[in-house]
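Asker: A predicted structure for the sequence below; I have some questions about it.
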Amino acid sequence: MSSPLEGGPQNRSRKSRLGLSLFWRTFFLLALLLVGSTVAWLQTFRQLEYEPRAIQTAHQIASLVNLTRAALVYSDAITRLSLIKTLAEQEGVRIVPREPEDRYAPYTGGELDARVTDELMARLGAGTTVASVVNDEPGLWIGFAIESDNYWLLLDPARFTRVGGRTWLVWLVTAMALSLTGAALITSFINRPLSQLSRAARQVREGEYAAHRLDEGARTTEIRAVNIGFNRMADQLAKIEQDRAVMLAGISHDLRTPLARLRLETEMSVADEDARAHMAADIAQLDAIIDKFLDYARPDHVEFKPVLLRDVVDACTYAVQDHEDVRITSEIQPDLRVMADEVELIRVISNLVENARRYGKTPGTDVARINIQAQAHNDAVLIKVRDHGAGVPPAMLSQLTKPFFRGDQARTSAAGAGLGLSIVAKNIERMGGTFALTSTPGRGLAAHIRLPRAASIRPGSATNGSAKGAASRTAGAK
């Protein structure tokens, strides 16, 4: 048995529209903005910092080299040795002779190093050598000449500390972590009123009008206005719901008493048997319409329990199986059960059977052929009630479950109030199921029901008797 409830294009399109919540969407946008800004600022800072840092460092080193060279030039041999010793001990500057066999590596560790080397060579002359290692000893080595003698000047590495990649990485990770934490807090603060509104709207939709009231003293004027408007709307809906229940209860109480008197007077005072039968039928129809109004306004309170589906269907078809204008066939496993409210499920099946009996007669005949099928599908049960009548145009299907809407064929009959399929859809939704209609013009209308599946039970339980009893109690509500 195929069913549109098993997962058609409509369900797939619904799944494709699922996405991130507003919290995560806002968080990701804020995080993207903050991370992008941090990375852009870091790159800008590095570019703007390299040039002045390189020039400043080169100026300091060149000044130190020039001062050292001048001091050595204008000192005699004994004073020169004392000066070299003083520079090494107090200033951390070593002056050593440069030998032809010295091994050294150029000072080109990065972009900043190369820029410092170029600036030093420009200020100290073309014969200047800048090295990072001399004879396997690391440091900042500056090679210069005093007259015909060549020297190495070794600076303390602490004088020139480069900011390495690890330092930048630690700084960047710290900034990003703080930015993401701030984005999460800001997003949570912004979305909190919306989350409260969403929760309150869901409760109002489920009929819990007073379960959750929004804060009318919020600091933000826009949020405060929305909360006040929502609370007033919930109060109005609660009042309308209460007024509707009182009105419908009054209809039941006020109309049924005069209808009973009319029925009694008709039986006693109308002599024509045919006229009396028609008047009694009209009174019964009015009584059934009142029951439909009350069914539609029934409070959303149901008691779920395992229900043997075959017994429910047998109870619903028992009253009409001997009618000449209907032929019912059913294909249901004996042990197939659903989790539902038994009375509500009987009302659903009875309404569908009655709707098919009235409006689903096979073209060219006065007989309605009705097929009832059910099968298990994973953790659900799919039920199909189909007639072989004229059907309805596909464009009209979505209108059939609306209250008081009646199809073209139904409008020619005064047998109902246009609430039958509305009651079915509402009862199925109460029981946690789904309901859909399909139709092929000229081949009939099919009702598809999906309900939660329950564990199997042994045939012959008390469900059969209770189902038939409930069917007899709801017979007047078709």
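Answerer: Good, I have the coordinates. Residues are numbered from 1 along each chain as shown.

Asker: would you mark the buried spots in the helix or strand hosting residue 422?
Answerer: Following DSSP states H and E, one finds residue 422 within helix 420-430. Within helix 420-430, the residues that count as buried by 16 or more other CB atoms under 10 Å are 420, 421, 422, 423, 424, 425, 426, 427, 428, 430. Every residue, glycine included, has its C-beta placed from N, CA and C.

Asker: cool, and stretch 59-71?
Answerer: For stretch 59-71, by 16+ other CB under 10 Å, it's 61, 62, 64, 65, 68, 69, 71.

Asker: ignoring the adjacent residues along the chain, who's closest to the second one?
Answerer: For residue 62, the nearest residue in space outside its immediate sequence neighbours is residue 123; the separation is 4.2 Å by CB to CB, 6 or more residues apart in numbering.

Asker: which phi and psi does that neighbour have?
Answerer: Dihedral pair for residue 123: phi -90, psi -30, per degrees, to the nearest 10.

Asker: pLDDT weak spots in the stretch 251-400 of the chain?
Answerer: Where the stretch 251-400 of the chain drops to pLDDT under 70, the residues are 251-254, 256-257, 285, 288-289, 292-303.

Asker: mind listing the helices for it?
Answerer: Remark: helices assigned in the stretch 251-400 of the chain by DSSP state H, counting those that start in this stretch are 273-296, 309-318, 342-359, 397-400.

Asker: gap between the third one and the chain center?
Answerer: In terms of CA atoms, centre = their mean, to the nearest Å, the centre of helix 342-359 is set 35 Å apart from its chain centre.

Asker: same check on stretch 193-201?
Answerer: So, by CA atoms, centre = their mean, the centroid of stretch 193-201 is 14 Å from its chain's centroid.

Asker: on that earlier part again, what is the lowest-pLDDT residue among the buried residues of helix 420-430?
Answerer: Within the set of the buried residues of helix 420-430, pLDDT is lowest for residue 420 (67).

Asker: please enumerate the strands of this structure.
Answerer: Along the chain, counting by DSSP state E, strands occupy 94-97, 104-106, 129-134, 137-146, 149-155, 305-308, 326-331, 337-340, 368-377, 380-387, 434-440, 444-454.

Asker: coming back round to it: turn the buried residues of stretch 59-71 into TSV, columns for pLDDT and distance to residue 240.
Answerer: Formatted as TSV, those follow (pLDDT from 0 to 100; distance: CB to CB, whole Å):
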residue	pLDDT	distance to residue 240
61	81	86
62	83	88
64	80	89
65	81	92
68	80	96
69	78	98
71	81	100
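
Asker: of these, closest to residue 269?
Answerer: Closest approach between the buried residues of stretch 59-71 and residue 269, by CB to CB: residue 61, at 126.4 Å.

Asker: can you get me a residue count around the closest residue to that closest one other than its chain neighbours?
Answerer: Counting by CB to CB, 6+ apart, residue 120 is the residue found nearest to residue 61 once chain neighbours are left out, at 6.0 Å. By other CB atoms under 10 Å, the residues close to residue 120 number 24.

Asker: could I get the buried residues of stretch 59-71 as a markdown table with distance to residue 327?
Answerer: Converted to a markdown table, those look like this (distance: CB to CB, whole Å):
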| residue | distance to residue 327 |
| --- | --- |
| 61 | 107 |
| 62 | 110 |
| 64 | 112 |
| 65 | 113 |
| 68 | 117 |
| 69 | 119 |
| 71 | 122 |
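
Asker: what is the nearest of those to residue 106?
Answerer: Nearest to residue 106 among these, counting by CB to CB, is residue 61 at 15.5 Å.

Asker: and that closest one, what is it in contact with?
Answerer: 116, 120, 140, 142, 155, 160 (CB atoms under 8 Å, 6 or more residues apart in numbering).

Asker: isn't residue 450 up against residue 432?
Answerer: No: look at residue 450 against residue 432 with CB atoms under 8 Å: they stay out of range, at 9.6 Å.

Asker: more crowded one of those two?
Answerer: Taking other CB under 10 Å, residue 450 and residue 432 do not tie; residue 450 has more neighbours (21 against 13).

Asker: which strand residues bridge that one?
Answerer: residue 382, residue 434 (DSSP bridges).

Asker: residue 86 versus that one, what's the distance?
Answerer: 96 Å (CB to CB, to the nearest Å).

Asker: coming back round to it: of all the buried residues of helix 420-430, which two lie farthest apart?
Answerer: 420 and 430 (16.1 Å).

Asker: which one of the helices of the stretch 251-400 of the chain lies closest to residue 27?
Answerer: helix 397-400 (37.7 Å).

Asker: buried set for that closest one?
Answerer: Neighbour-count burial for helix 397-400 [16+ other CB under 10 Å]: 397, 400.

Asker: just checking, what packs against it?
Answerer: Contact here means 3 or more CB pairs under 8 Å, 6 or more residues apart in numbering; DSSP states H and E; on that basis helix 397-400 packs against strand 434-440.

Asker: which outside residues touch the strand it packs on?
Answerer: With CB under 8 Å, 6+ apart, strand 434-440 has contacts from 3-5, 391-394, 397, 400-401, 421, 424-425, 428-429, 445-450.

Asker: list the buried residues of that strand.
Answerer: Of all the residues in strand 434-440, those buried under the rule 16+ other CB under 10 Å are 434, 435, 436, 437, 438, 439.

Asker: from residue 31, how far out is residue 37?
Answerer: Distance from residue 37 to residue 31, by CB to CB: 11 Å.

Asker: actually residue 89, not the one I typed
Answerer: Counting by CB to CB - residue 89 and residue 31 are separated by 54 Å.

Asker: these two: which is more packed in?
Answerer: residue 31 (18 against 9).

Asker: hang on, that one packs against residue 183?
Answerer: Yes: counting by CB under 8 Å, residue 31 does reach residue 183; the two are 4.9 Å apart.

Asker: save the buried residues of strand 434-440 as CSV, and put in distance to residue 128 and pLDDT too.
Answerer: Shown next, in CSV, are the buried residues of strand 434-440 (distance: CB to CB, whole Å; pLDDT from 0 to 100):
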residue, distance to residue 128, pLDDT
434, 85, 91
435, 90, 91
436, 88, 90
437, 92, 89
438, 91, 89
439, 95, 85
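
Asker: tell me, how many residues neighbour the closest residue in space to residue 255 that isn't next to it in sequence?
Answerer: Of all residues not flanking residue 255 in the chain, residue 290 sits nearest, at 5.9 Å (CB to CB, 6+ apart). By the criterion of other CB under 10 Å, residue 290 has 19 neighbours.
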